[in-house]
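Asker: all I have is the shape, not the residue letters:
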């Protein structure tokens, strides 16, 4: 009887924890109007110009699409991505809200020996942009030079492009795994506590003609 009570208690605690995580993840930081205006268009992008790769995703981003042909060169990002970057720091809460969004986009993850290639939910595309807009502590190690999926990200602020289940092309949606909600909660906490530092990712490459117009104007 004691063991049965203990099992029921543990089960109840587990359920309450999941409910708490889900509730936290669903608390919006930005308005629904802005969400529909800036995030919804990402779902409609026909071609992001790149795709995520298991051993090189740190270099693959919707912010910096590139031509993989013999004449390698960077391309202009989609207008939908640019519109979020141009929001400046105001785009951060929108991207955090987006992390739990399982709607599929045309962005692809090439997969690996375990996971087959898949279309990416807009939540992961938002994480891609969010990491670039808030690079540095407490989110990531600014001195790190590693490469690959989630390279240099601090624990609790990253989930993989295949951290989803029940992904169906027919429904055009994936279900985020519980870990994704934990990551979203951690991002939200840092934002509410004013610990995130915004940076324009195009400032570091402002001399490149493809990105010069997106850099912060010099005073």
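Answerer: It's in. Just so it is clear, the model here is predicted, and its values are computed rather than measured.
Asker: could you tell me the end-to-end distance of stretch 171-181?
Answerer: Between the opening and closing residues of stretch 171-181 there is a gap of 21 Å (CA to CA, to the nearest Å).
Asker: quick one: average pLDDT of that stretch?
Answerer: Mean pLDDT, computed over stretch 171-181, is 93.
Asker: before we move on, what about stretch 198-206?
Answerer: Stretch 198-206 comes out at a mean pLDDT of 93.
Asker: pLDDT value on the residue nearest to residue 123 when sequence neighbours are not counted, please?
Answerer: Nearest residue to residue 123 in three dimensions, chain neighbours excluded: residue 101, at 4.5 Å (CB to CB, 6 or more residues apart in numbering). To be clear about C-beta, it is placed using only N, CA and C from the backbone, and glycine gets the same treatment. The confidence metric pLDDT takes the value 97 at residue 101.
Asker: okay, buried residues for stretch 210-219 please.
Answerer: 210, 211, 214, 215 (16 or more other CB atoms under 10 Å).
Asker: same question for stretch 28-38.
Answerer: Neighbour count says stretch 28-38 has 30, 34, 35, 38 buried, by 16+ other CB under 10 Å.
Asker: so the second one is in which element?
Answerer: To tie it back to what came earlier, the one meant is residue 34. Using DSSP states H and E, residue 34 sits in helix 32-38.
Asker: packing partners for that helix?
Answerer: Here helix 32-38 touches helix 91-98, going by 3 or more CB pairs under 8 Å, 6 or more residues apart in numbering; DSSP states H and E.
Asker: contacts for the helix or strand following the helix it packs on next, please.
Answerer: Using DSSP H and E, the helix or strand that directly follows helix 91-98 along the chain is strand 104-109. Outside strand 104-109, the residues that touch it by CB atoms under 8 Å, 6 or more residues apart in numbering are 42-43, 45-48, 51-52, 62, 115, 117-122, 124-125, 161-162, 167, 169, 172-174.
Asker: ok, stretch 133-146 next?
Answerer: Contacts for stretch 133-146 (CB under 8 Å, 6+ apart): 58, 85, 91-92, 95, 131, 151-154, 157, 187, 190, 195-201.
Asker: the same query, at a cut-off of 6 Å, please.
Answerer: When contacts are defined by CB atoms under 6 Å, 6 or more residues apart in numbering, stretch 133-146 is touched by residues 152, 153, 154, 157, 195, 196, 197, 198.
Asker: now the end-to-end length of it.
Answerer: End-to-end distance (CA to CA), stretch 133-146: 19 Å.
Asker: using the three-state scheme, assign residue 166.
Answerer: Look at residue 166: counting by DSSP: H, G, I helix; E, B strand; the rest coil, its state is strand.
Asker: okay, and the residue nearest to it when sequence neighbours are not counted sits in which element?
Answerer: Among residues not flanking residue 166 along the chain, residue 175 sits closest, at 4.6 Å (CB to CB, 6+ apart). Residue 175 belongs to strand 173-176 when assigned by DSSP H and E.
Asker: ok, and for that strand, which residues are buried?
Answerer: Those would be 173, 174, 176, for strand 173-176 by 16+ other CB under 10 Å.
Asker: got the residues you listed as JSON lines, with distance to residue 205 columns?
Answerer: Output for these, formatted as JSON lines (distance: CB to CB, whole Å):
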{"residue": "173", "distance to residue 205": "34"}
{"residue": "174", "distance to residue 205": "31"}
{"residue": "176", "distance to residue 205": "31"}
